[in-house]
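**Student:** Pasting the sequence and the predicted model now:
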Amino acid sequence: GIGMPFFDIKALHGSNATTVADAPGSVVEVDYYHSSSLLTLSDEEIVDKAKKDLDTILGAKCKSSEVLDAAVVRLPEGVNWFFPGSYQD
């Protein structure tokens, strides 16, 4: 099945990092793996799926938030080196 780690970019790089310093709220990256079935979706459909998945995982505060900006990158032959528990390695 499809898996999805997500990352709080401000926590990883710091709130003052040039890439996120001016961003309001949270900056989150979602990486889907085993996701060939998502390749045919539009960018908007993928963003909607990511938001719904995060709403399910994170709950009420996430559900009440909105997506202000998004970028979708498709890497059909890409490899994600992150896996459940990889932060411990």
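**Tutor:** That came through, no problem.

**Student:** what's near enough to touch residue 41?
**Tutor:** residue 49 (Cβ atoms under 8 Å, 6 or more residues apart in numbering). Any C-beta I mention is one placed from the backbone N, CA and C, and that applies to glycine too.

**Student:** Go ahead and flag the most central residue of this structure.
**Tutor:** With distances taken as Cα atoms, centre = their mean, residue 30 lies nearest the centre of the chain, 1.6 Å away.

**Student:** Got phi/psi on that residue?
**Tutor:** phi -120, psi 130 (degrees, to the nearest 10).

**Student:** how far away is it from residue 16?
**Tutor:** Computed with Cβ to Cβ, to the nearest Å, the distance linking residue 30 and residue 16 is 23 Å.

**Student:** how about residue 46, what does it touch?
**Tutor:** When contacts are counted by Cβ under 8 Å, 6+ apart, residue 46 is found next to 38, 72.

**Student:** Any chance of the backbone angles for it?
**Tutor:** phi -70, psi -40.

**Student:** What of residue 8?
**Tutor:** Backbone geometry at residue 8, expressed as degrees, to the nearest 10, gives phi -90, psi 100.

**Student:** Please name the nearest non-neighbouring residue to residue 29.
**Tutor:** residue 7 (4.5 Å; Cβ to Cβ, 6 or more residues apart in numbering).

**Student:** which SS class is the one you found?
**Tutor:** strand (DSSP: H, G, I helix; E, B strand; the rest coil).

**Student:** so how far is residue 69 from it?
**Tutor:** 16 Å.

**Student:** before we move on, what about residue 3?
**Tutor:** Taken as Cβ to Cβ, the span from residue 3 to residue 69 is 24 Å.

**Student:** out of the two, which sits in the more crowded spot?
**Tutor:** Shown here are residue 3 and residue 69; by other Cβ atoms under 10 Å, residue 3 has more neighbours (13 against 8).

**Student:** what ranges do the strands span in this structure?
**Tutor:** Per DSSP state E, the chain carries strands over the ranges 6-8, 28-30.

**Student:** Packing partners of the last one?
**Tutor:** Strand 28-30 sits against strand 6-8, helix 43-58, with contacts defined as 3 or more Cβ pairs under 8 Å, 6 or more residues apart in numbering; DSSP states H and E.
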